[in-house]
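**Student:** sequence-free structure coming up:
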């Protein structure tokens, strides 16, 4: 047996079962965790960045039960137009279903395939922000989730490094459009809204000779002299036989194959085997002649984008049998790759030739796509093993695992989207933000924001991001490109992806908030659960019963979920985790004047812009659950008018949501005209003005009579307080926040029962904090 085959089988304790540190921690994660960077370094001292984008899993589907993240215990979850919490989705017969467990150990759920996830049903589930059509578009299975016992490797990985719980896919689409965002920053040739976006996989498909063509990020790297590669065993366009493509291809997940200027059919596979897809077919010599006629730059793009394991030998496209014993001690057999799927990547790491930027692309079998069982943990584990074999490599490496889209699986956190570029009834943005590129309106059936899409998992692993942190800044796939821009700017390289829209640049971060300097401190291993996850186990459950869809929930359970007496999942882990310092400084208030004009007032701090989504739980202009979208660039303000008479019975109800649990809920009528309340953060001056972590409530009483207010701390134990504000007086009330700067304050009037102001969120002060304690209780 050759060395690569032995390595595959050995490290696929995935195939035979393995335990890690003291039977609790996977060895690949243990090794990565225990290697420290040099003291005094930051992530900007890294020399290698490695991306691995896997397939088709939503955040709640994978990590909704993970402790300390905004998952199934989110206290600020959206309400649907019918008044139910977002977890409670109805089918077309009016039956209500809540999230339910997909037991990977006792059923064959991992073999049961995926759900619809095309442009039509993705936008249909969102329903213009109302978010109430998941089951009708996806089936009841959309509500299924896993927990730590099902996916112990991924939970341990999140516990060791930094998990991002506000990472969204880029578009409300399937695989190819999201991966085009990942490598190019957009899905249309011109960012002006006039060109047709590639919202369906079929619109960019090399096997059908359907190509798109605009500038890609690897081109920017190549022009700047930054070394890069995209590694895969073999490319999609080669059209291997199905049984081999499943284990040995890249499942079409290298979207660069669909970019015309990359000439995928002049890549190494075709130069060796000829091109039978061409009419007439081309011999290998004819393909080589075409390749040789290209410029040095064009050849470099081809060779680096389509790096395969062809140099190994022809056996890189062979499968061989692997035998194992099932739980009844019966011999079973499955075919697996004969040779090392990581051959070239492993070779480059071991020889000191790992590029500055690398992308790994897994075969279908290891992609975590729902068309394949959960073999993907081996691929992630093996990538970590390769990078950590030489500690000197890992201590200078950043490894980012993310997912392209959600398949058809539900996620409760509504994605931030732009308003229609020419319809202010859908919301507005700052004057320097343009949304044309991020909206698709063909004036027929398609009228929807392109993105953001639904939340997907992302874990950032490096010596500067370990410790089991959660990062709650809004990211999408273009964030990885903005990270590369920022990273190389500090190394004297000027990179700018012009395809990324001003809207995305304003609301999506560049990943830098996920890192912390390393100064030689000891970082303790978190508490891990027992790990055992193998292909053997996956094969065994193939013969288990099919997981059946659950029955509708009872009215009693529905009530308990709606009142938050019970979480949406009974598998939610209790506890908190450390939380990254975030750059947000967000504000949202309103004023109601005598003319019945409700002026929503948004503001962002100087460091970063933000998106906000708003909706009513009643009706506005006869539209139940009407939604609005807003986006601000950094350091700007935005005002937006609504009218009291457009709400039912002139009783307004407005919910506003922002990143990291930012929440405002305003309710009232003309009885509160002349009463304005706003919330601001206390600041302190230094080299830079920063928040202290406390806040002020400013109550302006412009009426002639005194009003008595009740301030309630709904969640963090500060108790209640009654205050009186006399006529024509302004009261500035300081609120000290001891709960790591989390707040949840409701203000009501003693003499006006149908009005309240509800403020919740987290005050950022530039320091590490903890996840929302309310989610961990």
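**Tutor:** Received it, and whenever you're ready, just let me know what you need. Because the structure is a prediction, the values reported are computed rather than measured.
**Student:** what sits against the residue nearest the centre of the chain?
**Tutor:** What sits nearest the mean C-alpha location of the chain, by C-alpha atoms, centre = their mean, is residue 167, with 2.5 Å. Neighbour list for residue 167: 59, 402, 455-458, 475-476, 479 [criterion: C-beta atoms under 8 Å, 6 or more residues apart in numbering]. C-beta here means a position set from N, CA and C on the backbone, and glycine is covered the same way.
**Student:** same check, this time on residue 462
**Tutor:** So residue 462 contacts 37, 43, 46, 161, 397-399, 515 (C-beta under 8 Å, 6+ apart).
**Student:** Please pick the buried ones from those residues.
**Tutor:** By neighbour count, with 16 or more other C-beta atoms under 10 Å, the contacts of residue 462 hold 37, 43, 46, 161, 397-399, 515 as buried.
**Student:** one step back: out of the contacts of residue 167, which sit inside strands?
**Tutor:** If you go by DSSP state E, the contacts of residue 167 have 402, 458 in strands.
**Student:** ok, so what distance separates the residue nearest to the centre of the chain from residue 376?
**Tutor:** To residue 376, residue 167 is 17 Å away according to C-beta to C-beta, to the nearest Å.
**Student:** ok, now residue 360?
**Tutor:** 12 Å.
**Student:** What's the first helix or strand after the helix or strand that contains residue 387?
**Tutor:** Assigned by DSSP states H and E, residue 387 falls within helix 376-388. Elements were assigned by DSSP H and E; along the chain past helix 376-388, the next helix or strand is helix 391-394.
**Student:** List of residues touching that following helix?
**Tutor:** 32, 35, 48, 349, 354, 387-388, 463.
**Student:** Put together CSV for the residues you listed, with secondary structure on each row.
**Tutor:** Shown next, in CSV, are the contacts of helix 391-394 (DSSP: H, G, I helix; E, B strand; the rest coil):
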residue, secondary structure
32, helix
35, coil
48, strand
349, helix
354, coil
387, helix
388, helix
463, coil
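**Student:** What mean pLDDT does the one helix or strand residue 244 maps to get?
**Tutor:** In the assignment (DSSP H and E), residue 244 maps to helix 242-248. Regarding helix 242-248, the rounded mean pLDDT is 93.
**Student:** So for that helix, what gets flagged as buried?
**Tutor:** 244-248.
**Student:** Nearest to residue 145, out of these: which one, please.
**Tutor:** residue 246 (26.1 Å; C-beta to C-beta).
**Student:** show me what contacts the closest one?
**Tutor:** 363-365, 372.
**Student:** Nearest to residue 274, out of the residues you listed: which one, please.
**Tutor:** Distances from residue 274 to the contacts of residue 246, taken by C-beta to C-beta, are shortest for residue 363, at 23.3 Å.
**Student:** Hmm, the closest one is touching residue 244, no?
**Tutor:** No: between residue 363 and residue 244 there is no contact under C-beta atoms under 8 Å: 9.4 Å.
**Student:** Touching, residue 399 and residue 386? I think so.
**Tutor:** No: using C-beta under 8 Å, residue 399 makes no contact with residue 386, being 10.3 Å away.
**Student:** where in the chain is pLDDT low?
**Tutor:** Applying pLDDT under 70 to the chain flags residues 1-25, 444-445, 525-547.
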